[in-house]
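In: Have a look; sequence and predicted model below, questions after that.
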Amino acid sequence: MTDADSTAVSTPTAAWQVGFFADDDGLKAAARACRTAGWQVDAVTPWPVHGLDPILGLERSWIGRPVLGVILLGLLAAMGGLHFLGVVDWPLNVSGKPYFAWPLFVVPVLETALLIGAIVNFNLALHTSRLLPNPLVEIVSARCTDDRHALVVLGADPAAVRAKLIELGASEVGPLVLTSALSIAHGETAHV
């Protein structure tokens, strides 16, 4: 056995550690400190925590651009459809107004475009975030959907990660343990 082999065997293996926090500010401070230490960090929160995405190193979502394009196409399609109805297909002279009086069509056009945009946004967000129901994925703790924030940290030395999380004010610290054999068999241990 060479020296390189002996050091590889003696170093502890990387493992996911979980620290639970009661408030948003404690979670953000801990995430910032763990990222500064060079560890991989993820968070599970019961509600959106503003300002957490840049701390975790997450980029801005790309979903807004295609949704804006679909909304603009919806505006054009709705305006074109109403123009066709009011001028070409069924022109009605109502009180001497022009056949295509655009102020009458502002609300239906906007509502149609926003409805199409909302449907596309929902479907893209659901597909991108993989939030479809999956019985193979477990959450870190049942209370993470209620009132606790979980910071999940991957570091080379689990003992150092646990000590840092306790120092940062975590109310409870431990390894990430998933009980389902199916989730472990399918490699779901890295995703929370």
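Out: Everything's here; your move.

In: packing partners for the helix ranked longest in the chain?
Out: When the chain is scanned for its longest helix (criterion: DSSP state H), the result is helix 102-129. Packing partners of helix 102-129 (3 or more C-beta pairs under 8 Å, 6 or more residues apart in numbering; DSSP states H and E): helix 64-83. All C-beta spots, glycine's among them, are computed from the backbone N, C-alpha and C.

In: how about the helix it packs on: buried residues?
Out: 67, 70-71, 74-75, 78-79, 82 (16 or more other C-beta atoms under 10 Å).

In: Closest to residue 119 out of those residues?
Out: residue 70 (8.7 Å; C-beta to C-beta).

In: how near is that closest one to residue 122?
Out: 12 Å (C-beta to C-beta, to the nearest Å).

In: before we move on, back to that, just put the buried residues of helix 64-83 in JSON lines and tack on distance to residue 126 and pLDDT.
Out: As requested, these are exported to JSON lines (distance: C-beta to C-beta, whole Å; pLDDT from 0 to 100):
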{"residue": "67", "distance to residue 126": "13", "pLDDT": "96"}
{"residue": "70", "distance to residue 126": "15", "pLDDT": "96"}
{"residue": "71", "distance to residue 126": "18", "pLDDT": "96"}
{"residue": "74", "distance to residue 126": "20", "pLDDT": "94"}
{"residue": "75", "distance to residue 126": "24", "pLDDT": "95"}
{"residue": "78", "distance to residue 126": "25", "pLDDT": "93"}
{"residue": "79", "distance to residue 126": "29", "pLDDT": "93"}
{"residue": "82", "distance to residue 126": "31", "pLDDT": "90"}
